[in-house]
Structure formats: C-alpha cells, structure tokens
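**Student:** Sequence first, then the predicted structure:
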Amino acid sequence: MSKKAKIAFVIEGTKTEPLLIQNIKNTFFEKNDVVPIMLPTCTNIYALCNRIKEDDYETDIIELVIELSKNQSVKRVDQKNDIDFRTMKKSDFSEIYLFFDYDGHNNNLPNDKDVNETLSEMLDVFNNETELGKMYISYPMIESIKHFSSLTFCNQNDICIFPVSCGTKYKYLVSKCTLIQDVRNINLEQWQYIIKKFLISVSCLCESTDQLNIKKYKDTISPKNILNYQMKRFIIQNQVMIISAIPEFLLDYFKTEKLNELFSDENIFLDIKCKNGCDKIH
C-alpha cells in the first residue's frame, strides 16, 4: 500500500476553515491517498505579511505557523486526525496551500505599507504549492463560500459586491441570506453550484466576453489575476466582488477529467456566463 501524501492547509482561523476542509476531505479526498493537515495561524494575512517580511520572504511557513500556534496556545483543530501539526516540518508535506481573507477593513499593516501591494507581493512569493506554498484569498472573507440563498444562478436576491469598510457586518449578512448555515453539511450538489457560481463571478470580474469554461479558466486565471481585477474594478471604489477561495482551490487542484467524474456531468463547466452584470451592492 502506498504511503499517503500529506497536504498542509495553512488557515486563518480555527472555526469555519477546519470544518470546510474536513468537508472537502470527506467529499473529494476520501478515496484518494491524501491526508490534509490543518495549520491555523490565528492571525490575519496582514500580520502574517509583517512577520514574513522581517525574514525577507525566506520564512519557512510551516515553522512560522508552529511558532505562532505555540505563542498563542492554539489547540489542535482536527480531532479526527492522529497527527499533530506542531510535530511536523516542511519536508513532511508534498504540497502547501494557504487560505486567507482579504479582510480590508482589518488592515494592521504599518502606515507606509499599501494593502494591495503587500498582498500582491505575497501572491508572488506563495505561488507554487510544491515550493513555498500557494496562497488563495477570499473576498471579503471565508464566509463568501456560502453567500447564496438558493441554487439559482444570478439570483436577483443575492448581492455580488460588498463594501470593504462594512467588513465587520459581512458574517451577519451571510447568516441571514445563506442556504447553508453549517459548512459541514455542504453536499455534492451544492459544491457543484458553488464551483459554477465561482466561475460566473470570475467571468464577470474579468469582464470576459466569452463563455468561461474550465479549460479557459485554467489557462488564464490565477489568484494574482483575481486580485489585479479586484483592484482595477472594485477595490479602487472601496468594494470587492464576493469570491470564495475554496472553489478556486478545487478547480486548480483537480484535473478537468476528475471534476467531471466527481460531478457526473461532462458539460458542467460549459456555457457559464454572467447574466445580471454583478452590479448589486449592499
């Protein structure tokens, strides 16, 4: 029997993210030889940026997270896994993924540092899962994954733009309009919708005039592209388009054939296009 590959998920918090990753494991990795290990930083991306910059971006992210967890007395977040991440090192992992919130309202960078330039630098550094790691950002935060009230695309009741300055209200807003209160209960049909919805949002964000199918997505879209378009179109107006990092990761991680197999529909990613211009705002 082959040895199971360990994947590091460097996450921001100890509540929503671990539950989501456990769901991903149960839904997508159950039959694979993969062991996802969650490493919570318990700090936002801007504090992490400051810490990494101190080492001129040469930080071993696994060592850093272990250091942060010890300083903050972080408890293990995956009680079903016998492996304690605090006993591990970078060489134990075949891949490293980082998930953080844009969280623009909670910027704790020094006054002379620009938020978006700093994030852009981080995405340049963490752009390969088999090297330093690959970073994904949720706009405005991780709860964007459940920001839908029905399985209807471009539902007129759902907003798709959110003011950065209102960030503290976002979780409450989502809790009042979501079809899913507990991310542990997201089923395959809902995952299918979430991924389609992500592709629609990215198509709108990038002002794509063509249908954004899975091949075009893989050829043209990256976390850095998404940040650049957010900056160009919405952040400049102190807004963000609501986009989750989780379906972005799933689309990057799995090959097209595997995604089609999981969803039992080879045409799932075809003929997807924005219908309402994504101009609604809260």
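**Tutor:** Looks like it came in fine.

**Student:** Distance of residue 250 relative to residue 243?
**Tutor:** Separation of residue 250 from residue 243 (C-beta to C-beta, to the nearest Å): 13 Å. Heads up, the C-betas are built off the backbone N, CA and C, glycines and all.

**Student:** so what's residue 86 up against?
**Tutor:** Residues near residue 86 by C-beta atoms under 8 Å, 6 or more residues apart in numbering: 66, 69-70.

**Student:** just for this protein, where's the confidence low?
**Tutor:** Along the chain, segments meeting pLDDT under 70 span 1-2, 30-32, 57, 71-82, 104-110, 153-157, 209-212, 263-282.

**Student:** quick one: the residue nearest to the spatial centre of the chain and residue 66, what's the gap?
**Tutor:** Central residue of the chain (C-alpha atoms, centre = their mean): residue 245, 2.2 Å from the mean position. Look at residue 245 and residue 66: by C-beta to C-beta, they are 23 Å apart.

**Student:** for residue 232, same thing?
**Tutor:** Residue 232 sits 37 Å away from residue 66, going by C-beta to C-beta.

**Student:** Where does the closest residue to residue 184 other than its chain neighbours fall, secondary structure wise?
**Tutor:** Among residues not flanking residue 184 along the chain, residue 19 sits closest, at 5.0 Å (C-beta to C-beta, 6 or more residues apart in numbering). For residue 19, the host element (DSSP states H and E) is helix 16-24.

**Student:** Over to residue 189?
**Tutor:** According to DSSP H and E, residue 189 maps onto helix 188-205.

**Student:** So which bits of that helix are buried?
**Tutor:** Under the neighbour-count criterion of 16 or more other C-beta atoms under 10 Å, helix 188-205 has 190-205 buried.

**Student:** Nearest to residue 223 among the residues you listed?
**Tutor:** Top of the list for closeness to residue 223, among those and by C-beta to C-beta, is residue 202 at 11.0 Å.

**Student:** isn't the closest one right up against residue 226?
**Tutor:** Yes - using C-beta atoms under 8 Å, residue 202 makes contact with residue 226 at a distance of 6.8 Å.

**Student:** Give me the common contacts of the two.
**Tutor:** In contact with both residue 202 and residue 226: residue 243, using C-beta under 8 Å, 6+ apart.

**Student:** Quick one: the helices in this protein, in order.
**Tutor:** 16-24, 45-54, 61-71, 115-125, 170-177, 188-205, 214-220, 223-233, 245-253, 256-263 (DSSP state H).

**Student:** Export those helices to JSON lines and append columns for distance to residue 148.
**Tutor:** Converted to JSON lines, the helices of the chain look like this (distance: least, C-beta to C-beta, whole Å):
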{"stretch": "helix 16-24", "distance to residue 148": "15"}
{"stretch": "helix 45-54", "distance to residue 148": "25"}
{"stretch": "helix 61-71", "distance to residue 148": "31"}
{"stretch": "helix 115-125", "distance to residue 148": "25"}
{"stretch": "helix 170-177", "distance to residue 148": "8"}
{"stretch": "helix 188-205", "distance to residue 148": "6"}
{"stretch": "helix 214-220", "distance to residue 148": "20"}
{"stretch": "helix 223-233", "distance to residue 148": "19"}
{"stretch": "helix 245-253", "distance to residue 148": "12"}
{"stretch": "helix 256-263", "distance to residue 148": "17"}
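
**Student:** nearest to residue 145, of those helices?
**Tutor:** helix 245-253 (5.1 Å).

**Student:** quick one: contacts of the closest one?
**Tutor:** Contacts for helix 245-253 (C-beta under 8 Å, 6+ apart): 20, 24, 28, 97, 99-100, 134, 136-138, 142, 145, 191, 194-195, 197-199, 214, 217-218, 223, 226, 259.

**Student:** and the spatially closest residue to residue 20 that is not a sequence neighbour, how many neighbours does it have?
**Tutor:** Distances taken as C-beta to C-beta, 6+ apart place residue 183 nearest to residue 20, at 4.9 Å, with adjacent residues excluded. Residue 183 sits with 23 neighbouring residues when counted by other C-beta atoms under 10 Å.

**Student:** got it, and residue 4?
**Tutor:** Residue 4, neighbours per other C-beta under 10 Å, totals 12.

**Student:** Please report phi then psi for it.
**Tutor:** Recorded main-chain torsions at residue 4 are phi -70, psi 140, according to degrees, to the nearest 10.

**Student:** now it: how far from residue 254?
**Tutor:** Distance from residue 4 to residue 254, counting by C-beta to C-beta: 17 Å.
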